[in-house]
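Visitor: Just the structure for this:
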Amino acid sequence: MRIIGGKYKGRILKGKVTEARPTTDFAKESLFNILNNYYFFEEISVLDLFAGTGAISFEFASRGCQQIDLIEWNPHNYQFICNNIKELELAHIKPLKADVFQYLRTCNKKYDVIFADPPYEMEGIAEIPDLIFSRQMLKPEGMLILEHSKNIDFQQHSKFWQYRKYGAVHFSFFLP
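Guide: Numbers count the residues shown, from 1 in each chain. Below is the predicted model of the structure:
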């Protein structure tokens, strides 16, 4: 796994992860091209849910984002993330080893961008947008991006904005 853009472009994330399905480089590049049209990365706060390898957080940090909270439950993946944060000296990425659904039920922070990449077959994926919007976790100009399988369709959700597909990676975008 490597960082595809910004200050750390080309850097390899070191270590081993378990039970993670990293977002493809093609999908990451496309996602960040979209986000680049809406945000100055140096000025936004990001929440990375179901972080897995932390690749999305590392991409935001590489592009200058200084406020990144990252949630990952798997202890091996969490350690992988912490080791790479230390290796790259990215102390502004704040990892938390926690259950995402519990975190969403208690979080009182607001973010500009929330990225969620749950395991594709996980139960409860459809609840994620409602949990985030009921807690008012997005700032007024914020965006929720949910990566999911082709088996889920969010287009009828009241906050749905757009859908993008990159190979087997599907992104649904939501606005407050």
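Visitor: Not counting sequence-adjacent ones, nearest residue to Phe80?
Guide: Gly15 (4.4 Å; CB to CB, 6 or more residues apart in numbering). C-beta here means a position set from N, CA and C on the backbone, and glycine is covered the same way.
Visitor: before we move on, what about Met143?
Guide: Using CB to CB, 6+ apart, the closest residue to Met143 is Val113 (5.4 Å).
Visitor: Would you map the strands across the chain?
Guide: 45-49, 67-72, 93-97, 111-116, 138-148, 160-166, 169-174 (DSSP state E).
Visitor: Parallel or antiparallel, which strands does the third one pair with?
Guide: In the sheet containing strand 93-97, the strands it pairs with under DSSP bridges are strand 67-72 (parallel).
Visitor: Same question for the longest one.
Guide: Pairing partners of strand 138-148, with direction, according to DSSP bridges: strand 111-116 (parallel), strand 169-174 (antiparallel).
Visitor: Out of those strands, which is closest to Lys28?
Guide: strand 169-174 (9.0 Å; CB to CB).
Visitor: any idea how far Phe40 is from the closest residue to Phe41 other than its chain neighbours?
Guide: Distances taken as CB to CB, 6+ apart put Arg63 closest to Phe41, at 4.2 Å, once the chain neighbours are dropped. Noted for Arg63: a distance of 10 Å to Phe40, by CB to CB, to the nearest Å.
Visitor: more neighbours, these two?
Guide: Arg63 (21 against 11; other CB atoms under 10 Å).
Visitor: which residues sit in contact with that one?
Guide: Gly5, Gly6, Lys7, Phe32, Phe41 (CB atoms under 8 Å, 6 or more residues apart in numbering).
Visitor: Could you do Lys109 as well?
Guide: By CB under 8 Å, 6+ apart, the neighbours of Lys109 are Ser45, Leu47, Asp69, Met137.
Visitor: Can I get the buried part of those as one PyMOL selection?
Guide: The PyMOL selection below is limited to those of those classed as buried (16 or more other CB atoms under 10 Å):
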select buried, resi 45+47+69+137
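Visitor: farthest-separated two in the contacts of Arg63?
Guide: It's Lys7 and Phe32 that sit farthest apart of the contacts of Arg63, by CB to CB, at 13.4 Å.
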